[in-house]
Structures are given as structure tokens and as C-alpha cells.
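**Student:** What follows is a predicted structure for the sequence shown.
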Amino acid sequence: MSRLSFDTFNVALAVLLAIPAALGAFRGLSSSEPGWRAIGAASSVMLLGLMVATGMGVELHEQMVEAKRGWNLIPVVVADDDLEPGTAITFDMISQRAIPEQFVFDSYVQPARANEIVGQRLRGHLHAGDPITWASVGTGLAPNACALNPR
């Protein structure tokens with residue numbers, strides 16, 4: 001349970017518990033009179049309703065957080081136009097686009113490293129808007145990567 005809803009619950013509980021006593025004092029009711037029992041029953045029902053509503057609110061918040069997970073936008077380098085194999089990449093041929101993080105792979109070139117692909121030759125065809133991967137340029141390896149069986 002989040003801190004905010006827990007504090008709200010405590011305040012509401014204190015108010016609900018104080019209502020019957022305050023009403024009983026103003027009306028001069030004793031605990032054996034039917035009016036006192038009705039107020040107590042109504043308070044109990046309101047308290048139960050508040051507890052259910054608080055629980056539903058917490059559950060709804062957790063579902064919203066879960067639904068948003070993976071949808072933060074991450075910028076990646078993409079082809080600005082259709083590019084043919086063998087084309088030497090220039091800054092004019094690339095741009096960046098933000099895509100949901102759940103669709104971003106380590107093989108995608110990040111904008112901070114775009115200068116590392118400029119001047120390298122494209123290994124295959126890319127359509128406009130396609131993310132550029134390390135495998136699609138130069139040797140197919142990210143800088144500082146090692147190949148187990150270089151040919």
C-alpha cells in the first residue's frame with residue numbers, strides 16, 4: 001500500500017470512529033440505545049466501503065504502472081532515406097527517432113555513438129526509418145567488440 005493511501009486511510013478511520021461518539025454526545029444517546037447501534041453500524045459500513053475503495057485504488061495504480069512499463073521512449077539512430085548496400089554513411093543520411101524501450105535492442109546504434117558509423121559502408125538495404133544496427137554497418141561489430149572466428 002502506498003504511503004499516501006495509507007495516511008488517507010488512517011485519517012478516514014479516525015474520523016469515522018469519532019463520528020458516532022460525537023453524535024452520541026450531542027443527542028445524549030447511551031451505548032444501549034438503538035440510535036447508537038445504528039450509528040455504529042453505519043460507521044462500520046462506511047469504514048468497510050472506504051477500505052475496499054482504498055484497496056481498489058492501490059490495485060488500479062499498480063496496474064497502471066505495470067501497463068506503462070516498457071513504453072518509455074528511447075532515441076535510436078535511423079536511416080533518413082532508403083539506403084542501398086555499400087553506401088558510405090554520412091550524417092545527412094541518418095537521424096534519430098524515439099521508440100518504446102521494449103523494442104530497443106543492444107544492437108541498435110545510440111545517438112551518442114552515431115559518429116562511429118559515419119564513413120562506414122552499409123552491409124544491406126535499409127528503408128527510411130529503419131533503426132541502424134551495428135551489424136548493418138562496417139564489419140558488423142560494435143567498436144570494442146571481439147569476434148570469435150574472424151574471417
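**Tutor:** Thanks, I have it. Numbers count the residues shown, from 1 in each chain.

**Student:** any chance you could map the helices in this structure?
**Tutor:** Under the criterion DSSP state H, helices of the chain are mapped to 3-27, 34-68.

**Student:** And those helices, which one averages the lowest pLDDT?
**Tutor:** Lowest mean pLDDT within these: helix 3-27, a mean of 58.

**Student:** what's the neighbour count on Phe105?
**Tutor:** Residues near Phe105, counting by other Cβ atoms under 10 Å, number 8. Backbone N, C-alpha and C define where each C-beta goes, glycine included.

**Student:** Break this protein into its domains for me.
**Tutor:** Per automatic domain parsing, the structural domains of the chain span 3-68, 73-136.

**Student:** Highest mean neighbour count across those, which stretch is it?
**Tutor:** domain 73-136 (a mean of 15; mean count of other Cβ atoms under 10 Å).

**Student:** Now the terminal residues of that one, how far apart.
**Tutor:** 23 Å (Cα to Cα, to the nearest Å).

**Student:** do the same with stretch 77-88
**Tutor:** 15 Å.

**Student:** can you check stretch 75-95 too?
**Tutor:** First-to-last residue span, stretch 75-95, Cα to Cα: 10 Å.

**Student:** How about stretch 98-116?
**Tutor:** 20 Å.

**Student:** neighbouring contacts of that stretch?
**Tutor:** 70-77, 91, 94, 96, 117, 131-135, 137, 142-143 (Cβ atoms under 8 Å, 6 or more residues apart in numbering).

**Student:** Quick one: mean pLDDT for that stretch?
**Tutor:** For stretch 98-116, the per-residue pLDDT averages 94.

**Student:** Stretch 75-86 now?
**Tutor:** pLDDT averaged over stretch 75-86 gives 96.

**Student:** Please report the distance of Gly40 from Met64.
**Tutor:** 36 Å (Cβ to Cβ, to the nearest Å).

**Student:** do the same with Val78
**Tutor:** 30 Å.

**Student:** And for Ala42?
**Tutor:** 33 Å.

**Student:** now swap in Asp106 and tell me
**Tutor:** 28 Å.

**Student:** do Asp130 as well
**Tutor:** Applying Cβ to Cβ to Asp130 and Met64 gives a distance of 32 Å.

**Student:** Equivalent analysis for Gln102, please.
**Tutor:** With Cβ to Cβ as the criterion, Gln102 and Met64 are 17 Å apart.

**Student:** do the same with Arg123
**Tutor:** 42 Å.
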